[in-house]
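J.: Based on what follows, work out the 3D shape:
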Amino acid sequence: MSSIDLAVSFPARGVIRLSSHALFGDTDSPTCRRFIERVFQAEQVSDATITAGDCPHSELRYCPKIWTLQSVVNRVASFLRQDPEANGHAAANGHSTTNGHAAANSYATVNGHASSNGRIDPHTAEGGPSGPSVAVLSMARNRNGVVRYSRPVVAPSGWQVKLDRPGRLRLKNPVIYRNSDLCQAIERELMTVLGVEKYKTGSITCSVQVDYDPRELTRDQMVEILDSALDNAEHPTKLDKLDLYTRRLRRPIDGPTRAAIANEYSRRRHEIPVPTELQWHPDKPQFTIRAQWLSFVVRFTHDVLEVDAELSLAAKAFATQKHRQNAVRFIDSIANDLGL
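T.: Take a look at the predicted model:
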């Protein structure tokens, strides 16, 4: 590969473009796949696109708010130069040419230990760290033939990643639903972690959001910290009490009222978008509108009506506030129609 076959330019902030017929002319070639595996060893690279055609090129994206251009070039170049086939005979002097293109291994260190944040990284020139293979990277190809690679979202244990961007992570886990003790255990753990800047937990939404310094912590480390907090915490056997809705009763519940509620439910059950059934408790003054994943319990005292929810493991993660509001509205409407 000649030195002019690989050129680097910077078309926008946070974007590095590498142009090369030999590397990117065939997006499925072993050389192209090896290039992708090398650049994703650099933790700064969030995703990469490859465009073939008349001007084949790859664009690497990173967060300019976190990483400087020079640090990303250093890091990527250090990995590319470990494989002669990946960077060919690009110039080694690190100087930009007059057309705005820079050599692909500019700023690379002699021993491959380029540091992105001023700290020494434990990588060796003999092989470097083990980067992700193309097989585990997320890949998408659009109608124009542009191939996009991105890092896989890793969510160990029960955590589901809802938001993942440099410095902010939002996850959900049904295990913390209506469990303030576990939320407090997570907060106590995060309070002691260097690099965590801000956090909040929500037992009703089953969510944890963490703002952190990506120069100190990675996403996977944050998930490991959350897992550790749950592993070390005592898990209560009872859920936190949750009353979705309460209202004062105008009159106590008696036999005729129970029958009227059942009749009104039967008349209006078509308003509920999923199959349900009404079940009265055999001993207590309460009934349940039961569905497969989500049920609502209506309890009566002498002068108060209370509405609570029973959620399956799946519903804990996916039930929304709107679902709860619609159920409360339905129950409240029946109570109004019956003068309760």
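
J.: Can you verify my assumption that residue 53 contacts residue 27?
T.: No. Residue 53 is not in contact with residue 27 according to Cβ atoms under 8 Å; the separation is 10.2 Å. (Glycine included, C-beta is placed from N, CA and C.)

J.: higher neighbour count, the two?
T.: Set side by side, residue 53 and residue 27 show more neighbours around residue 27, with 18 against 11, by other Cβ atoms under 10 Å.

J.: partner residues bridging the spatially most central residue of the chain?
T.: Nearest to the geometric centre of the chain sits residue 161, at 2.6 Å (Cα atoms, centre = their mean). Taking DSSP bridges as the rule, residue 161 bridges to residue 171.

J.: Outline the domain layout of the chain.
T.: Following automatic domain parsing, one gets these domains for the chain: 7-150, 160-232, 245-337.

J.: The ones you listed: which one's closest to residue 239?
T.: Of all the domains of the chain, domain 160-232 sits nearest to residue 239, with 4.1 Å by Cβ to Cβ.

J.: Report the mean per-residue pLDDT for that closest one.
T.: In this model, domain 160-232 has a mean pLDDT of 87.

J.: which SS class is residue 302?
T.: Following DSSP: H, G, I helix; E, B strand; the rest coil, we place residue 302 in the coil state.

J.: and if you look at residue 330?
T.: Under three-state DSSP, residue 330 falls in the helix class.

J.: That one contacts residue 270, correct?
T.: No. Counting by Cβ under 8 Å, residue 330 stays clear of residue 270, with 11.3 Å between them.

J.: So what sits opposite residue 149 in the bridge?
T.: residue 48, residue 139.

J.: after the helix or strand hosting residue 189, next one along is what?
T.: According to DSSP states H and E, residue 189 maps onto helix 180-191. Downstream of helix 180-191, the next assigned helix or strand under DSSP H and E is strand 196-202.

J.: Now do that next one: distance to the chain's middle.
T.: Strand 196-202 has its average C-alpha position 15 Å from the chain's average C-alpha position, going by Cα atoms, centre = their mean, to the nearest Å.

J.: That strand: which residues count as buried?
T.: 196, 199, 201 (16 or more other Cβ atoms under 10 Å).

J.: one step back: what's next to the helix holding residue 189, contact-wise?
T.: With contact meaning Cβ atoms under 8 Å, 6 or more residues apart in numbering, helix 180-191 is reached by 175-176, 196, 199, 201-203, 208, 210, 225-226, 228-230, 232-236, 240.
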